[in-house]
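Colleague: Got a predicted model here, sequence first, then my questions.
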Amino acid sequence: MPTKKYFSQCPEFPSDVNVLNIPTISFSRLQNDAEHEGEKLYNACTEHGIFALDLRDSEEGGKLLKQAERFFDIGADTFDLGTDVLDKYAYQPPSLLGYKATGKLKTDDGKRDIMEMYTIGQDDILGTGARRENPEPIEACREDCQDFFRQAHKALCVVYSHLDKKLALAPNTLAALSPLDKPSDTSLRLLMSRPQPVIESDRVTLTGHTDIGTITMLFHVTGGLQILPAGCENISSNWRYIRPRPDCVVINLGDTLVEWTGGVLRSSLHRVLTAPGEQASIPRQSLAYLVRPDHNATMRRLKSNGVIPPASEGEEEDTRSVDDWAAGRVKSIILGEVKPQGRGGRAALADIPYSAVKKTAGKVALTLTRSLSPCTVPPQADNFLVFRADGDGKRHKTLIQYKLILGRQGALMHVLEMKPTARESIKRMSPQLWTIGSSMMCSKVKTQDAQPLESIVSWHEGSSTFHLLPRDESVLKNLGEGDSVIDRIHESGTGSGVWGIGDEFIFKAKGWKEDRQLEAVTMNFVAENFPSVPVPEVLYSWIDQALDRTFLITKRVHARTLNNAWSQLSPAQRQGIANEMADHCFTITGKTSSKLETVSGRGVLDYFLMGKPPFSNPTWLPMILGPFTCAELRTYMSKISDQPVPQFGDTLLFYHSDLGPTNILVSDDGNSVAAIIDWEAAAYYPDFWVATRPVGNPAYRLSEPTVDPLELYGWNKIFSAALVTKGFSCQNDVFQKWRKAVTGPALNTPRE
Ligand SMILES: O=C(O)CCC(=O)C(=O)O
Ligand SMILES: [Fe+2]
């Protein structure tokens, strides 16, 4: 973006449009090799793929700005020649060199572009390729053109050297891939979009795209450039303007750099809209220096010392020449085969900083900035748990569930976490006040005091009364951040959290989606139909639409989990619990259905009966299966595995299906089941599943440190045996063979 002089000729960029503040990197500091600036540059390249390079305080930077200004004038003179003259220099696709009139390119909204372009080839100007004939205003300034290419290249070499360092590449790697003295498709593009007779502020003048080459320098004065921030869905409301700033140039990384770095660096999806506000009434000019690599370069990943992940096993290296690759990309863009999207980088879909990522024999090792130890995960298995320090880094160790999204070439693209995490859903704001998700709060008052009118539910505890109330910002105003740790009694990864507010009620937060069963409805169904089955009483439950999660308040059962009690129970007591649990299972299978479904007719949550879920279903929002008739379930199960499906009858049985030792509470004397909790997966399941599911399933494993390591599967064994004694068939061998051969990702449909 040129100097202030050019900005003074243009109406102000409006203050009421959505802008994205991209990082600003100081060119002079980069020139002085400032370590911190290099770090900022690298972060901008991995997280955004776009940044502003501030050219002030640098002699070289100042020169470049002046030359760019010169090209705004050359551009104005060139486009003033008019279409008739310029069409003589028309571009010959797929090359973009020469003149492109408006309307030649489709825009995202199905209309046509309104951007004139004149693209000058570096080979033409520097003599590394055939000379071309250009319109007079350009021909008259060949020397200026040469100066510009040289100066721009020189400036980018400063950027390249910092990137070489950060990517652990040999010195001069990136500069040598785009040298000035070798032929390439590098070009300087003059762009012009004239004010429209009828101004449509949301008209796309240049369609959304990522640049194909390595790096682009973009000078603009008038607004209109927009980017889709990393991780955002490509819908109109998500796009953000980049505000042009004097003395700065926008640097945009292209897809070649993404490929070369195996997705470590990012390219940003950008487009141009009618200039905002009053700026729409003047012609919009911009200048893009688009760097492409030397024709001899290939798309092979660059060899770095640990930063760029090598292609994973079985993954084919792209060894095409840069030209073949670019031609292929242009073709697929024309054919509409690629969805325009930003690519690579550690796009912050949720802001999970990680400081290092390394791929070793089939695993991804990454160090999350706030994690307590590095973790290693298989690149395909997307969900994993990691210990992380909470808040101040000391107080609390928490287990967070992450999901890795790997790119086409196996590079790490995103690390996701539910946002805000379920474990932050409830916060103590003061000893008398809690916020519950985005819409509710809970207050504790003295019973004799006046009761709030808007109380949704309330309960007494000693001389106090607790009220669940709609959230009221005026009460929360000066209370600060709140504390989600203090009352939390359990969390299962990122996916859910459980808090005790007061002594008698438990609050549970859990991820939710439209098609999900509400656990409260299932629990009420059990309480109504099977009074002998101990299920905690539901006080209240709601869906927090803004956060996509559910809240459930239940009466607290004061008892230990079977997991905690296990080592103090005698073998006879353990057997007694297994028998009683088998009895309860037998009781609830009294309710049946002809379908695999929940009690409300929705799909069921059982990871072990379905194909590997797609990336879009992390564990905190798992994929649901069905509803399926028995025949559909059989078809589905035989589609996702080539091994025989276990036998099952046409009547499906109501079953809890998650009866691990942390979901069973035992009485203080150890002789009976005090409560069965966590009913979210309870639904109608095939009969073989009742006794088969507990065998060897890790969710049924004991985890108390005091449990003898040889006995970790003790509960699995006695519980499945007790179910077999009750008459349920166990088909573990058939099931395990079927399960091992399951493929994915699976569609939730029996047909394909
Ligand atoms: O004119 C602009 O601001 C953007 C131009 C651009 O993205 C391009 O030429 O690739
Ligand atoms: Fe572009």
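Modeller: Thanks, I have the structure now. Ligands and ions are numbered 1, 2, ... in the order given.

Colleague: what does the stretch 101-250 of the chain have sitting close to ligand 1?
Modeller: 189, 191, 206, 211, 218, 220, 225 (Cβ under 6 Å from any ligand atom). All C-beta spots, glycine's among them, are computed from the backbone N, C-alpha and C.

Colleague: List the buried residues for the host helix or strand of the third one?
Modeller: Counting by DSSP states H and E, the secondary-structure element that holds residue 206 is strand 204-209. Of the residues in strand 204-209, those buried by neighbour count under the rule 16 or more other Cβ atoms under 10 Å are 204-209.

Colleague: is it possible to export those residues to JSON lines including pLDDT?
Modeller: Conversion of the buried residues of strand 204-209 to JSON lines gives the following (pLDDT from 0 to 100):
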{"residue": "204", "pLDDT": "91"}
{"residue": "205", "pLDDT": "93"}
{"residue": "206", "pLDDT": "91"}
{"residue": "207", "pLDDT": "87"}
{"residue": "208", "pLDDT": "86"}
{"residue": "209", "pLDDT": "88"}
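
Colleague: Max pairwise distance over these: which two?
Modeller: 205 and 209 (12.6 Å; Cβ to Cβ).

Colleague: Just the CA trace of the strand holding residue 206, in CSV.
Modeller: Extracted in CSV, the C-alpha atoms of strand 204-209 (Å, rounded to 0.1, in the frame of the first residue of the first chain):
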residue,chain,number,x,y,z
VAL,A,204,-18.1,-9.6,-5.7
THR,A,205,-15.7,-8.0,-8.2
LEU,A,206,-13.0,-10.7,-8.1
THR,A,207,-13.9,-14.2,-7.0
GLY,A,208,-12.6,-16.0,-3.9
HIS,A,209,-9.3,-17.8,-4.5
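
Colleague: Does it pack against any helices or strands, and if so which?
Modeller: Here strand 204-209 touches strand 187-193, strand 270-273, going by 3 or more Cβ pairs under 8 Å, 6 or more residues apart in numbering; DSSP states H and E.

Colleague: Return the residues of the chain in contact with ligand 1.
Modeller: 189, 191, 206, 211, 218, 220, 225, 270, 272, 286, 288.

Colleague: swap the cut-off to 8 Å and go again
Modeller: 115, 117, 189, 191, 193, 206, 209, 211, 216, 218, 220, 224-225, 250, 252, 270-272, 284, 286, 288, 290 (Cβ under 8 Å from any ligand atom).

Colleague: Give me the buried subset of those.
Modeller: Burial by neighbour count, 16+ other Cβ under 10 Å: within those this picks out 115, 117, 189, 191, 193, 206, 209, 211, 216, 218, 220, 224-225, 250, 252, 270-272, 284, 286, 288, 290.

Colleague: Now do the contacts for residue 496.
Modeller: Neighbouring residues of residue 496 by Cβ atoms under 8 Å, 6 or more residues apart in numbering: 422, 508-511, 620.

Colleague: State the distance from the residue of the chain positioned farthest from its centre to residue 126.
Modeller: When each C-alpha in the chain is compared with the mean C-alpha position (Cα atoms, centre = their mean), residue 140 comes out farthest, at 50.3 Å. Taking Cβ to Cβ, to the nearest Å as the measure, residue 140 falls 17 Å from residue 126.

Colleague: which residues touch residue 188?
Modeller: Counted by Cβ under 8 Å, 6+ apart, residue 188 has contacts 71, 119-120, 122, 125, 145, 148-149, 152, 287-290.

Colleague: Of these, which belong to helices?
Modeller: 71, 122, 125, 145, 148-149, 152 (DSSP state H).

Colleague: so where's the chain uncertain?
Modeller: Low-confidence segments of the chain, defined by pLDDT under 70: 1-3, 231-233, 311-316, 332-340, 344-420, 492-495, 613-621, 744-752.

Colleague: residues in contact with the residue of it found nearest ligand 1?
Modeller: Closest residue of the chain to ligand 1, Cβ to the nearest ligand atom: residue 286 (3.6 Å). By Cβ under 8 Å, 6+ apart, the residues touching residue 286 are 191, 218-222, 225, 272.

Colleague: gap between it and residue 610?
Modeller: In this view, residue 286 and residue 610 are 50 Å apart by Cβ to Cβ.

Colleague: Then residue 576?
Modeller: From residue 576 to residue 610 the distance is 34 Å (Cβ to Cβ).

Colleague: higher neighbour count, these two?
Modeller: residue 610 (24 against 18; other Cβ atoms under 10 Å).

Colleague: Chain neighbours aside, what residue packs nearest to the more buried one?
Modeller: Distance criterion Cβ to Cβ, 6 or more residues apart in numbering; nearest residue to residue 610, sequence neighbours excluded, is residue 625 at 4.7 Å.
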